[in-house]
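**Q** Need a 3D model of the sequence below.
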Amino acid sequence: MAAIRIAVVGMGKIARDQHLPSIAGNAEFELVASVSPRDPGVEGVANFRSLEALLTDGPAIDAIALCTPPQVRYSLATMALDKGLHVFLEKPPGATLAEVDALESQAAQTGATLFAGWHSRFAAGVAPAKAWLADRRIDRVSIVWREDVRVWHPGQAWIWEPGGLGVFDPGINALSIATEILPEPFFLASATLSTPANRAAPIAADLAFRSASGTPITMDLDWRQTGPQSWDIVVDTDAGTLRLARGGAVLTLPESSSEHDDAEYAGLYARFAALVRDGRSEVDTTPFTLVADAFLRGTRVSVAAFDD
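**A** Here you go, the predicted structure:
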């Protein structure tokens, strides 16, 4: 079958670090264009300052990967879906849940594929962790996701603005794993969101969840971590303790341990290709719903101003 002709829209750090290499490494795709109002673009392909310009004057494409900040994704995605293009949404899939619901309905009407890409679910340890936990009794879960925002999001002002999620931008990765591996749904019980005096979004958060059967799940998010970074999930069960470290790349079970290199985005693009070929969409908003609940129900506390 012919390769899926794809354009990358939004040429920031995640596009260059992850999307471009993953597209280049997957024979199912052919990168034919990039879109960015300021970035010089990608050597060897057509580059445009806007999606409108690409759709009007650019080469024929079948799909786009939206790597822009979430606040502007809806208008771009709906424009692409209106042309019958398949759309890959970086996480979080939008600025609001209602936007994503509207896009899912539009994709169903046009027959295009809409894919909400939760990259952390494709970490090597996630699928075996899910399988191991499937028939266990879960006693408690601890999530610690602490990193240095200056390292991972340098100069990205949008991430502190409404819709940018603040510390939940990485924290939603942990929730995407937890909602995938735990055998029953869970919901927010309480949350404290620490928000710098000069920012609109939190820099840290402490959250308590409970599963449908009452299992406690705690979550510690912080963007002020220096030194070693922490992306860890610990699940205590009736058969011992499961640990996922390095964002899911390292899985430790009572009887074994495994560690793998990062292949999350390769897995994402393999999944996107399969969905396009099968004519299906995949839009799970569960992690995003939990974040929205934290903003809705959480207690905000003011902390010292933060400057990049």
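
**Q** In three-state terms, how would the residue nearest to the spatial centre of the chain be classified?
**A** For the chain, residue 91 is the residue whose C-alpha lies nearest the centre (CA atoms, centre = their mean; 3.1 Å). What DSSP: H, G, I helix; E, B strand; the rest coil gives for residue 91 is coil.

**Q** Could you verify my assumption that it touches residue 116?
**A** Yes. Assessed by CB atoms under 8 Å, residue 91 is found in contact with residue 116 at 7.2 Å. Heads up, the C-betas are built off the backbone N, CA and C, glycines and all.

**Q** Residue 243 versus the residue nearest to the centre of the chain, what's the distance?
**A** 23 Å (CB to CB, to the nearest Å).

**Q** Equivalent analysis for residue 264, please.
**A** Residue 264 is 19 Å from residue 243, by CB to CB.

**Q** Next: residue 152.
**A** 22 Å.

**Q** what's the answer for residue 308, then?
**A** 33 Å.

**Q** and these two? which has more neighbours close in?
**A** Neighbours were counted for residue 308 and for residue 243 using other CB atoms under 10 Å; residue 243 has more, 18 against 10.

**Q** is it true that that one touches residue 254?
**A** No. Residue 243 is beyond contact range of residue 254, at 9.9 Å (criterion: CB under 8 Å).

**Q** So what does residue 64 look like in phi/psi?
**A** phi -130, psi 150 (degrees, to the nearest 10).

**Q** Now for it, how many residues are close by?
**A** 27.

**Q** contacting residues around it?
**A** For residue 64, the contacting residues are 6-9, 35, 51, 76, 80, 85-88, by CB atoms under 8 Å, 6 or more residues apart in numbering.

**Q** who does it bridge with?
**A** residue 7, residue 87 (DSSP bridges).

**Q** Look up how far residue 132 lies from it.
**A** Taking CB to CB, one finds residue 64 at 37 Å from residue 132.

**Q** ok, and what's touching the strand ranked longest in the chain?
**A** Ranked by number of residues, the top strand in the chain under DSSP state E is strand 186-196. Residues outside strand 186-196 that contact it (CB under 8 Å, 6+ apart): 166, 178-179, 201-212, 215, 217, 290, 293-295, 297-306.

**Q** next one: that strand to chain centre, how far?
**A** Relative to the centre of its chain, strand 186-196 is centred 19 Å away, using CA atoms, centre = their mean, to the nearest Å.

**Q** Please enumerate the strands of the stretch 1-150 of the chain.
**A** 4-9, 29-35, 46-48, 63-66, 86-89, 114-116, 138-146 (DSSP state E, counting those that start in this stretch).

**Q** what would these look like in TSV with distance to residue 125 and mean pLDDT?
**A** Output for these, formatted as TSV (distance: least, CB to CB, whole Å; pLDDT from 0 to 100):
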stretch	distance to residue 125	mean pLDDT
strand 4-9	28	98
strand 29-35	26	98
strand 46-48	37	95
strand 63-66	25	98
strand 86-89	23	98
strand 114-116	21	98
strand 138-146	14	98
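
**Q** Need these in CSV (columns: distance to residue 228).
**A** Formatted as CSV, the strands of the stretch 1-150 of the chain follow (distance: least, CB to CB, whole Å):
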stretch, distance to residue 228
strand 4-9, 32
strand 29-35, 35
strand 46-48, 38
strand 63-66, 31
strand 86-89, 31
strand 114-116, 30
strand 138-146, 9
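
**Q** pretty sure residue 160 contacts residue 223?
**A** No. In terms of CB under 8 Å, residue 160 does not count as a neighbour of residue 223; the distance is 10.1 Å.

**Q** tell me, what's touching these two both at once?
**A** With CB under 8 Å, 6+ apart, residue 160 and residue 223 have common neighbours residue 166.

**Q** So the two - more neighbours on which side?
**A** The residue with more neighbours, out of residue 160 and residue 223, is residue 223; 27 against 22, by other CB under 10 Å.
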